[in-house]
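1. Fold the following and give me the result.
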Amino acid sequence: MMGRREGGQGQIFYSFDLDKVVPPDSPGAVYNQMVVKCVFSCVPIETVIGLDERRNAELVRMMRDLVSERRAAGRLLPDAVYRFIEN
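-> Got it, this is the predicted structure:
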């Protein structure tokens, strides 16, 4: 069973049977936005298919910015986000 979440950056497909986020076949900038949107939507980033293979400097920067914003607001993020930034 596939679920779909829609937003301003496009669609995120989520497979409930496989418990994996299925990224759209898209250029880096769109993919990066999808990963950040997963964090905002409480979808665990470790379920994003191809996250390690598609890791890039801009995505790491975006995630670092997100961590800074969340810390300033007194909010926590999942440990997986910190692990992704550190690797």
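
2. Quick check: pLDDT value at residue 55.
-> With respect to pLDDT, residue 55 has a value of 92.

3. residues contacting it?
-> 84, 87 (CB atoms under 8 Å, 6 or more residues apart in numbering). Yep, even glycine has a C-beta here, placed from its N, CA and C like the rest.

4. Give me the three-state assignment for it.
-> Judged by DSSP: H, G, I helix; E, B strand; the rest coil, the three-state class of residue 55 is coil.

5. And the strands in this structure?
-> Ranges of strands in the chain, per DSSP state E, are 2-7, 10-15, 20-22.

6. weakest of those strands by average pLDDT?
-> Among the strands of the chain, strand 2-7 carries the lowest mean pLDDT, at a mean of 43.

7. burial count for residue 44?
-> Using other CB atoms under 10 Å, residue 44 has 14 neighbouring residues.

8. my guess is it contacts residue 79, does it?
-> No - in this structure, residue 44 is not within contact of residue 79 by CB atoms under 8 Å, at 10.1 Å.

9. pLDDT value on the residue at minimal distance from the centre of the chain, please?
-> Closest residue to the average C-alpha location of the chain: residue 35 at 2.1 Å, with CA atoms, centre = their mean. What the model reports for residue 35 is a pLDDT of 89.

10. tell me the contacts of it?
-> 23, 45, 48, 51, 59, 62, 63.

11. Residue 57 now?
-> Applying CB under 8 Å, 6+ apart, no residues qualify as near residue 57.

12. Out of the helices and strands in this structure, which is least certain?
-> Least confident helix or strand, the chain: strand 2-7 with a mean of 43, by mean pLDDT, DSSP states H and E.

13. quick one on the thing from earlier: next one: the residue nearest to the centre of the chain from residue 85, what distance?
-> Noted for residue 35: a distance of 12 Å to residue 85, by CB to CB, to the nearest Å.
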